[in-house]
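Next one to model:
(2 chains)
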Amino acid sequence: MSADDKLNGRGALDLSFLRGAAKPRATGGGMSRRNLFRGAGAVAGAGALASVASACSIQGTQTSATAADATDWYAWWAGKKLNGQFSFDNWAAYIDQDKNGNHPSLDTFTKKTGIKVTYDDAAVTDTATYYGKIAPSLAAGKPIGADLFVMTNGWEFTELVNNGYVAALDNKLRPNFLRNADESVLSPSYDFNSTYSAVWQSGYTGIAYHSDLVDGEITSWEDLTKAQYKNQVAMFGSLDELSQVGLLVNGVTPSSSTKSDWEDAADWLTNKLSPNVKKFYDQGYLDAFKSKQMAITQAWSGDILAIQANFPKVKFVFPEEGFGVWHDNMMIPVTAENPLDAMTWINYYYQTSVASVIEDWIWYKSPVVGVREYIRKVIDDPDYVNSELAFPPSDVLARAYEYVSIKDRTTYDTYTSIFNPVVQGS
Amino acid sequence: MTSATTLPEAAPTRRVRLEALRRGVTPYLLSIAGFGWLGFFFVIPLVSGLLVSLMTGNPDQGYVLTWNWSVYADLFTGPTPYWLYLVRSLTYGLSATAFTIILAFPVAYFIAFRVSARWKTTLLALVMVTFFVSFIIRTDMWFYLLGGNGPITRVLVHLHVLDHGQTFLSTPGSVIGGMVYNDFAFMVLPIYVAMERIDPRLHEASNDLFGNRANTFFRVTVPLTRSGVFSGILLVLIDTVGDPVNSSILGGKETYTIGQAIQNAYFTTQQYNVAAALSTLLMAILGIILFLYARVVGTENIEDLI
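Model prediction:
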């Protein structure tokens, strides 16, 4: 028996289990058995039904993290081959597109590298739902159909990493990233050294308003609490977007905030801001704003830049107290069938000429250096290049802040228990 | 049976007893499929929902059954006012049900009694036609119609019924309106079926007995359609009380319902046990209400419901 175990590599597995078990968060595997007995004890005498019931449990997702911690990622990558294809899940309207619905950048990539790209631009509609869709397959160790997907920094990003669902990216395979990535995305607060991700786009969350529907000028988050804007303000229902506002108003840096900061922020949101809020939006805020559902809304910079041609009276504000800068990240699932092809794309994307063509269509903020100059000189698109919305001046950029970054479940539970009541209201 | 007893001496034999047994067993055999369906899609989810609500843990480390009954007490003593969302949902559901009855009754009456047979199918199809479009998209269309730039609001602003920047959206009215719109057919159809079965001669009889139109309507038609209204109430009330869609699309900050709270507990805070406890509680409350309702005003004859 024991000889067989060794042959089957059982020894190595035991070791990896110990490494995982040393981390307090990865003890899930051993927990359920103990609790199973505790549960059975509590109902002793209740008969067979009870013991059947107490065997019920829901398997945790954390157990697979043990394997991820033990993975030698250099060896993992060394074992992968180019397959001449990969599939890419992204948000809608988030890559260049011609009149026929083709994506010229992807076609050029295929021409140059011979790698075909299956691009799905309807795959991601919101972060939590997409995570909910892929997590079961990842937990079962099965491919999710995509070799590359785009995920916003936030709790789901943390879960993907903590559960060992995404591959660590070998820097040897992405030299262009190290050379051309903007300083702000080389080692973001939510992913040290960009180990598991490479930024696809960044953007800012500020305030947008219909200047023809609003008396006076809005310059700060605090302005939204004025009595005259009662019932005219829309905010995002996302806890990260809300906590950001509450923290910045109180002069706290979100990425280093503490529990008591959160309580103060939630207090301001509930008592000062909420009375003026008409609705917390999960999605579809832009349609509602365009149809003048509300005069003032929390908004993403690129969305407003895109609609300003049709809505000249819409203004975007970088609030005085500060504003959030978020990142949508490319990630490769560990179960990907074509990880090396996806990695080739990441490296390819981080060239100024490539990123510029894509950026001139998306109009958010590219993570690649030199894009603005390239678009000014080579592509010649002054509308985008001269927009303060896309390229805020440096004194404005000084007020840009990363979001609260949560690394573990206990903290997340505390965080949601403080901020969720703001959205739920009473 | 009567024919069996009139047979001569040889009748109470083994064959007859077997026959009786077969007759006794057959209905049960036939209902196996029905009970199986009920067990699979109703009892199992209900029990598993109850069990999950009694578990503790989190999605990372998994959930283990610890018979944590206090989760139910926490729903009412915790900081989140779940009782408020529950009362609100029940209020919305009951109002929506009342409005669907008021609107659906004349429609069903019209189709059943005032339209020639040729047109009945067409009109019923028109009532059903909205089902060809997804529920979410239909609700979203109301969001557009009632929105600040939508046709309805623009006309009402022109007529000075609404001020600039004012809409019907984000109010309890728009949420209940959405529910009434979405569940309208669920009320029309059962009432129509009940009316369809009323013998026209009963109306004539009422007339012969000097019942005027109002008397005939209230003393003959309405009582005979009670079973239809009863099924309609079942369908509409259950559907609207737990609904998160109308309140999240057409509602606002102050129309948060129990359906949204369940969704939030599942997706945002990822407390599966709380989500399960809320669902179980909602099912229990709806179950009690409908049971009492059935006992008080329900028909004695269960066939009348079909």
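
okay, now the domains of the chain?
The chain I'm using is chain A. Listed by automatic domain parsing, the domain ranges of chain A are A:14-58, A:79-202+A:327-388, A:204-321+A:403-424.

Oops, wrong one, chain B.
B:2-30, B:31-68, B:78-305.

What helix or strand is residue A:87 located in?
Per DSSP states H and E: residue A:87 is located in strand A:85-91.

pLDDT of that strand, averaged?
Strand A:85-91 comes out with an average pLDDT of 96.

related to what we said a few turns ago, can you list the domains of chain B in a markdown table and add mean pLDDT?
Output for the domains of chain B, formatted as a markdown table (pLDDT from 0 to 100):
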| stretch | mean pLDDT |
| --- | --- |
| domain B:2-30 | 69 |
| domain B:31-68 | 89 |
| domain B:78-305 | 89 |
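
of the ones you listed, which approaches residue A:358 most closely?
Nearest of those to residue A:358, taken as Cβ to Cβ: domain B:78-305 at 30.2 Å. The C-beta positions use only the backbone N, C-alpha and C, and glycine is treated the same way.

Point to the residue nearest the middle of the chain.
Using chain A here. residue A:152 (1.3 Å; Cα atoms, centre = their mean).

my question was about chain B
residue B:235 (2.0 Å).

List the residues that contact that one.
B:183, B:186, B:187, B:190 (Cβ atoms under 8 Å, 6 or more residues apart in numbering or on different chains).

pretty sure the first one contacts residue B:237?
No - proximity of residue B:183 to residue B:237 does not meet the contact threshold set by Cβ atoms under 8 Å, at 9.2 Å.

Tell me where the stretch 51-200 of chain B has helices.
B:70-77, B:82-109, B:117-128, B:135-146, B:151-158, B:172-196, B:200-208 (DSSP state H, counting those that start in this stretch).

okay if I get the domains of chain B as TSV plus distance to residue A:214?
Shown next, in TSV, are the domains of chain B (distance: least, Cβ to Cβ, whole Å):
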stretch	distance to residue A:214
domain B:2-30	68
domain B:31-68	42
domain B:78-305	10
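
if I read this right, residue B:211 contacts residue B:221, doesn't it?
No - counting by Cβ under 8 Å, residue B:211 does not reach residue B:221; the two are 10.7 Å apart.

which one of these two has more residues nearby?
residue B:221 (19 against 16; other Cβ atoms under 10 Å in any protein chain shown).

Number of residues surrounding the closest residue to the more buried one other than its chain neighbours?
Leaving aside its chain neighbours, residue B:221 sits nearest to residue B:198 (6.7 Å; criterion: Cβ to Cβ, 6 or more residues apart in numbering or on different chains). When neighbours are counted by other Cβ under 10 Å, residue B:198 registers 15.

Contact partners for residue B:198?
B:112, B:220, B:221, B:224, B:225.

Out of those, which is nearest to residue B:150?
residue B:112 (34.5 Å).

Can you give me the distance of the closest residue to chain A within chain B to residue B:49?
In chain B, the residue found nearest to chain A is residue B:62; the distance is 3.0 Å by Cβ to the nearest Cβ. Residue B:62 is 18 Å from residue B:49, where distance means Cβ to Cβ, to the nearest Å.

so of the helices of the stretch 51-200 of chain B, which one's packed in deepest?
Of all the helices of the stretch 51-200 of chain B, helix B:172-196 carries the top mean neighbour count, a mean of 22, counting by mean count of other Cβ atoms under 10 Å in any protein chain shown.

So which residues of the stretch 51-200 of chain A form strands?
Ranges of strands in the stretch 51-200 of chain A, per DSSP state E, counting those that start in this stretch, are A:57-59, A:85-91, A:116-124, A:148-152, A:198-210.

Lowest average confidence across those, which one?
strand A:57-59 (a mean of 79).

Show me which positions of that one end up buried.
Within strand A:57-59, the residues scored as buried using 16 or more other Cβ atoms under 10 Å in any protein chain shown are A:57, A:58.

on contacts alone, who are the packing partners of that strand?
helix A:28-42, strand B:55-58, strand B:62-65 (3 or more Cβ pairs under 8 Å, 6 or more residues apart in numbering or on different chains; DSSP states H and E).

if you set the cut-off to 10 Å instead, what comes out?
Where contact means 3 or more Cβ pairs under 10 Å, 6 or more residues apart in numbering or on different chains; DSSP states H and E, strand A:57-59 is packed against helix A:28-42, helix B:44-53, strand B:55-58, strand B:62-65.

returning to that earlier point: out of the strands of the stretch 51-200 of chain A, which comes closest to residue A:334?
strand A:148-152 (12.5 Å).

Name the residues of the stretch 101-250 of chain B found near chain A, please.
B:140, B:143-144, B:146-150, B:153, B:164-167, B:169-170, B:248-249 (Cβ under 10 Å from any Cβ of the partner chain).

let's see it at 6 Å
Within reach of chain A by Cβ under 6 Å from any Cβ of the partner chain, the stretch 101-250 of chain B has these residues: B:147, B:148, B:149, B:165, B:170.

Most widely separated two among the residues you listed?
B:149 and B:170 (15.4 Å).

pLDDT on the helix or strand hosting residue A:330, on average?
Using DSSP H and E, residue A:330 sits in strand A:323-331. Strand A:323-331 shows a mean pLDDT of 96.

can you give me the helices in the stretch 301-426 of chain A?
Counting by DSSP H, counting those that start in this stretch, the stretch 301-426 of chain A has these helices, from start to end: A:301-307, A:339-349, A:352-362, A:371-374, A:382-385, A:394-397, A:409-424.

Can you point out the buried residues in the fourth one?
Applying a neighbour-count criterion of 16+ other Cβ under 10 Å, the buried positions in helix A:371-374 are A:371, A:372, A:374.

ok, now the third one?
Across helix A:352-362, burial judged by 16+ other Cβ under 10 Å covers A:352, A:354, A:355, A:356, A:357, A:358, A:359, A:360, A:361, A:362.

Quick one: residues contacting the residue of the stretch 251-400 of chain A found nearest chain B.
At 3.4 Å from chain B, residue A:292 is the closest residue in the stretch 251-400 of chain A, using Cβ to the nearest Cβ. Counting by Cβ atoms under 6 Å, 6 or more residues apart in numbering or on different chains, residue A:292 touches B:148, B:149.

How about the one 4 residues further on?
Each residue near residue A:296 by Cβ under 6 Å, 6+ apart is listed here: A:209, A:232, A:233.

residues touching the last one, list them.
Residues touching residue A:233, when contacts are defined by Cβ under 6 Å, 6+ apart, comprise A:224, A:276, A:277, A:296.

List the ones among the residues you listed that fall in strands.
A:277, A:296 (DSSP state E).

Run a quick neighbour tally on residue B:68.
18.

unless I'm mixing things up, it is touching residue B:56, no?
Yes - using Cβ atoms under 6 Å, residue B:68 is in contact with residue B:56, at 5.1 Å.

For the closest residue to chain B within the stretch 51-200 of chain A, give its distance to residue A:233.
Of all residues in the stretch 51-200 of chain A, residue A:60 sits closest to chain B, at 3.0 Å by Cβ to the nearest Cβ. To residue A:233, residue A:60 is 40 Å away according to Cβ to Cβ.

Also residue B:98?
Residue B:98 is 33 Å from residue A:233, by Cβ to Cβ.
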